[in-house]
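Enquirer: model this:
(one chain, ligands or ions: 2)
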Amino acid sequence: MKRLWLDLGDLGVFVRPAGPHDRWQDHGLGLLRTILRDSGIQTDLFSTRSIRNWKELAPRMAGYDTLVMNVRSYTYPFALQAARIFKKVNPKGLVLVGGMHATVAPDEMQAIPEFDRICQGPGEKIIVDLIKDPLAFPRVIQATGAKTMADWPMMDRTLWPNPHLDDFPWPLEPECGWGPGPVATIITSRVCPWQCVFCNESSYIPNMGRKSVDQVIDELNYLDDQFGPLGSVVIHDSMFFQQPTWLREWLDKYPRQAHKKWPYWAAARSDTVRQWPELFEALVRETNWNIISIGFESGSDRVLNILNKECTAEDNYFAIDLLNRIGDDIHARGYFPPKFWANIMLGIPGETHEDAFDTIRMLKRMKRVLPSISYYAPYPGSALGFQLIAEGKSRMTKENYHRFPNDEKVKGIDYKFYNQLLKGKFDREVNAKLPTFMREKTGVYEDSLIKA
Ligand code: B12
Ligand code: SF4
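Expert: Ligands and ions are numbered 1, 2, ... in the order given. As a prediction, this is how the structure comes out:
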């Protein structure tokens, strides 16, 4: 049996210069290939990121019996193309797919005859049996996962694709402007329990126990020994700042037990920062949490309500003022101050121009910030995404889930206004409701618009 695991991502990003986020490695692939390897099942690996055009893929696929892929909505078009090429080259071969898109949009995948087995849900407990004997399973399979992440084996990162690039410290990852490289990306928890309507992943990813603090620190120390020295860490959890008991243990142990207090990127919510401000401040100051990702999304309570964010503009301002103060203090002591990675959404159905101005006003209040702005994208899986798809208002057809920052994602949204807003064209209107000292920032944010 010859089996190929195909890593999915934008063509060419492992070949020519590319944005660092496009080069992050895939933890689903890494975990499942580790489990397969530990059970004595060999899979070869190739990545769509290592080719420049689709013609280069067919020769890489020749002679394989099975193709396996982790499909997210934003990689679905790649999976579709790859499956078609695979079947042309190996008409008797089988294509096995799993991952987020299989879970949230199985109907789209069932309509494609090239997908032979479609596995919904977590794959850790089923992957070995499925790969050994796919025909023993029905076409669509519902898998159940481990109760806790503590049961996952430590992922072997050498099972990730190696781009063989001078600036890629494989099996660690390159720096992306958040902290020095090499970077270790890790996941400590799954899932975020909130229900924001543009995300609400808890409705389709089963909740599971968090990795223990010791496990996380041991993994980082191991990576530092084997492949380091590590420069910084990215904690990929959708919501790191949850479960205060776990966070207190992290606060206690990370500074003492990690080889170094590597600076790290991790996510929080403004309402929980407001709920546990002492814990937040201690983590920032004592564990070197230096890039704090917060889904502020909007500066308008109306829009935050539409999004079911369960945070208010006041919560957002509380978190901003707190980090501004902590940052001023750390800066005054001669150290690098922490920054926000501020997730902002514009182009939300129901948002008025004045709401959008409020969001830019909120951004201007942040003293140290890396803004990450996106035009709202209606993903399947999320409540609002499903609703807009059902109403025929989504422009994210299955052929173009893979998008670019300026793509128009929802019908009826005035993207021209938003493009001008990000160019600073409405700075006068924005500044009109700001105190003088906050008018200095230019209000030009077009470079901060990201793929979403
Ligand atoms: C890390 C991460 C990223 C990284 C991606 C790195 C990478 N190369 O993978 C970065 C930061 C780049 C990123 C970006 C984006 N992301 Co993202 N990301 C995540 C996050 C937080 C963790 C993913 C992860 O590693 N999970 C852990 C692994 C173990 O899980 P897994 O890969 O799903 O694999 C499991 C199962 O799916 C299954 N499985 C997987 N493959 C297979 C195959 C077979 C055969 C079988 C049987 C099973 C199986 O088994 C695995 C183990 O249980 C998830 C949220 C989450 N909790 O998962 C969002 C998530 C995947 N991202 C999402 C989105 C929308 C985005 C963005 C569009 C913007 C945004 N909202 O963040 C951008 C787009 C990027 C682009 N290229 O265009 C959505 C995807 C929704 C969807 N319908 O697909 C998620 C679910 C978050 C959310 N709720 O909105 N993301
Ligand atoms: S947007 Fe953030 S807080 Fe809301 S459900 Fe998703 S991860 Fe959780």
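
Enquirer: C-alpha only now, for contacts and for neighbours.
Expert: Noted.

Enquirer: Near ligand 1, which residues of the stretch 151-300 of the chain? Just list them.
Expert: Within the stretch 151-300 of the chain, the positions lying close to ligand 1 (C-alpha under 6 Å from any ligand atom) are 190-191, 199, 201, 236-238.

Enquirer: farthest-separated two in the residues you listed?
Expert: Between any two of these, the greatest separation by C-alpha to C-alpha is 15.5 Å, found for Cys199 and His236.

Enquirer: Which one of those two is surrounded by more residues?
Expert: Applying other C-alpha atoms under 10 Å to Cys199 and His236 shows that Cys199 carries more neighbours, namely 22 against 18.

Enquirer: How about the more buried one: what's its closest non-neighbour residue?
Expert: Ser382 (4.8 Å; C-alpha to C-alpha, 6 or more residues apart in numbering).

Enquirer: Quickly name whichever of the residues of the stretch 151-300 of the chain next to ligand 1 is closest to Phe336.
Expert: Closest approach between those and Phe336, by C-alpha to C-alpha: His236, at 22.5 Å.

Enquirer: Just confirm the closest one contacts Val183, I think it does.
Expert: No. Judged on C-alpha atoms under 8 Å, His236 makes no contact with Val183 at a distance of 11.8 Å.

Enquirer: which one of the residues of the stretch 151-300 of the chain next to ligand 1 sits closest to Tyr375?
Expert: Nearest to Tyr375 among those, counting by C-alpha to C-alpha, is Cys199 at 13.9 Å.

Enquirer: show me what contacts that closest one?
Expert: Contact partners of Cys199, counting by C-alpha atoms under 8 Å, 6 or more residues apart in numbering, are 379, 381-383.

Enquirer: Of the residues of the stretch 151-300 of the chain next to ligand 1, which are in range of ligand 2?
Expert: Applying C-alpha under 6 Å from any ligand atom, the subset of these adjacent to ligand 2 comprises 199, 201, 238.

Enquirer: Filter those down to the ones in strands?
Expert: Of these, none are assigned to strands by DSSP state E.

Enquirer: Tell me which of these has the lowest pLDDT.
Expert: Among those, Glu201 carries the weakest pLDDT, at 88.

Enquirer: Might one say that Phe227 is in contact with Glu173?
Expert: No. At 10.7 Å, Phe227 does not count as touching Glu173 under the criterion of C-alpha under 8 Å.

Enquirer: higher neighbour count, these two?
Expert: Remark: of Phe227 and Glu173, Glu173 carries more neighbours, 22 against 15, as counted by other C-alpha under 10 Å.

Enquirer: Is that one bridged to anything, and to what?
Expert: Glu173 has these beta-bridge partners by DSSP bridges: Val183.

Enquirer: Low-confidence regions, the stretch 301-450 of the chain specifically.
Expert: Along the stretch 301-450 of the chain, the parts satisfying pLDDT under 70 run over 401-403.

Enquirer: one more time with 50, if that's ok
Expert: Nowhere does the stretch 301-450 of the chain drop to pLDDT under 50.

Enquirer: Chain neighbours aside, what residue packs nearest to whatever residue of it ends up closest to ligand 2?
Expert: Proximity of the stretch 301-450 of the chain to ligand 2 (C-alpha to the nearest ligand atom) peaks at Lys309, 6.2 Å away. Closest residue to Lys309 apart from its sequence neighbours, by C-alpha to C-alpha, 6+ apart: Cys196 at 5.0 Å.

Enquirer: Quick check: residues of the stretch 101-250 of the chain near ligand 2?
Expert: 192, 194-196, 199-201, 238-239.
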